[in-house]
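Predicted model and sequence below, questions to follow.
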Amino acid sequence: MDETLKLYRLVPVAADDDPNWLDAKSHGEVLVAARTAGDARIVASERELDFMDIDAAPAEDKTTTMASVFRNEKLYTVIEVNNGQEYHQRGVIDGSIGVDTIISTQV
């Protein structure tokens, strides 16, 4: 299915000392191609490291994707960008999403 996607900017809105970060860190501004603003949050969160990807607690079929900072409206806002370009593949277009948010037990 060849659909035209929109471009979204995910921008951190909380101060660095905001308690909603819960020891998480900001990834800075990220551009993603997605279907909707909600889908943009999902696309960005899928790039973060998940407990199921490595040997780290809680493991045992427990995912951490719902705990992503991108899904928290108090931490990130989503802004639609109209730059005149067409996008046909969901994904991160620009920005760096770190994978150092979870420490492996395999050290």
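Thanks, I have the structure now.

From now on I want contacts and neighbour counts done on CA atoms only, so please keep to that.
OK.

low-scoring stretches of the chain, by residue?
1, 23, 49-67, 98-107 (pLDDT under 70).

residue boundaries of the strands in it?
6-12, 30-34, 76-81, 91-94 (DSSP state E).

Can you tell me which of the ones you listed is most buried?
strand 30-34 (a mean of 24; mean count of other CA atoms under 10 Å).

Between the strands of the chain, which one is closest to residue 69.
strand 76-81 (7.2 Å; CA to CA).

For the closest one, name the packing helices and strands.
Applying 3 or more CA pairs under 8 Å, 6 or more residues apart in numbering; DSSP states H and E, one finds that strand 76-81 makes contact with strand 6-12, helix 37-46.

Let's have these in TSV, adding distance to residue 82.
Listed next are those as TSV, based on distance: least, CA to CA, whole Å:
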stretch	distance to residue 82
strand 6-12	7
helix 37-46	13
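
so which of those gets nearest residue 93?
Proximity to residue 93 (CA to CA) singles out strand 6-12 among the helices and strands packed on strand 76-81, at 8.5 Å.

Any chance of a markdown table for the strands of the chain, columns distance to residue 20?
Output for those, formatted as a markdown table (distance: least, CA to CA, whole Å):
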| stretch | distance to residue 20 |
| --- | --- |
| strand 6-12 | 12 |
| strand 30-34 | 19 |
| strand 76-81 | 11 |
| strand 91-94 | 24 |
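
Quick check: which of those is nearest to residue 68?
strand 76-81 (10.3 Å).

partners of that closest one in the sheet?
Applying DSSP bridges, strand 76-81 is found paired with strand 6-12 (antiparallel).
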